[in-house]
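Asker: Have a look; sequence and predicted model below, questions after that.
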Amino acid sequence: MTEGQAPRRQQNRRGQGGLLRAEIERAALKLLDEQGSPELVTLRGVARAAGITGPAIYPHFPGLPELHARLREMAFDQIAEETNAAVAEITDPRAELIARYTAYVELGFRYPARRKLILSPGNEVSAGAQVAFEGLVGVLKRCVEAGESTSTDLTLDTALLLAAVTGLVETHGAFPLPPLKTAISEMVARLAKLT
């Protein structure tokens, strides 16, 4: 075994290919985080990190587009899981909206390569992205119903707000903004037209 190479993994029994796929996915996500950019992740590098031969990855991921699509879904799953956890005890829709966007921004700082991957141009809107977006629209709708927002176009206002907080992650520190949580609260209040 050469330095930097994962130890050779023990082969799964016949019919347990799903275990290998899960190991490949975990190795790919870890490699993405370590490399810091989707462009630096290769199938050979993922195979090496998973402790398998290069050709063993192809039945699971024939190319980088398929691997990147799966990693995007995993990133959206994580966004859903962590934003849901952040609002588990919150019943006020206004507070929930702010908490969801705060958790989203914090994830963006924690996992910059994942953020870059899910936002890379040319990607189709995935099922995970659509579910996450519709969830944000739903929270804004509850704000309107509770009289806490004057939004008349929930989809557009959600899209603008999501673009703004994503931009906040990209530009934080470049402009004279208030502390992060204050900046997020202000963006949410203004763009979601909170009253």
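Answerer: Yep, it's here.
Asker: And the contacts of whichever strand or helix holds V105?
Answerer: In this structure, V105 sits in helix 93-110 according to DSSP states H and E. Residues outside helix 93-110 that contact it (Cβ atoms under 8 Å, 6 or more residues apart in numbering) are 78-79, 82-83, 85-87, 90, 114-115, 135-136, 139-140, 142-143, 145-146, 148-149, 161-162, 165-166, 168-169, 172, 180-181, 184-185, 187-189, 192, 194. To be clear about C-beta, it is placed using only N, CA and C from the backbone, and glycine gets the same treatment.
Asker: rerun that using 6 Å as the cut-off
Answerer: Contact partners of helix 93-110, identified using Cβ atoms under 6 Å, 6 or more residues apart in numbering, comprise 82-83, 86-87, 90, 115, 139, 142-143, 146, 148, 165, 169, 184-185, 188, 194.
Asker: Show me which of the residues you listed are buried.
Answerer: Buried subset of the contacts of helix 93-110 (neighbour count, 16 or more other Cβ atoms under 10 Å): 83, 86-87, 115, 139, 142-143, 148, 165, 169, 184-185, 188, 194.
Asker: remind me, longest helix of the chain?
Answerer: In the chain, taking DSSP state H as the definition, the longest helix is helix 64-86.
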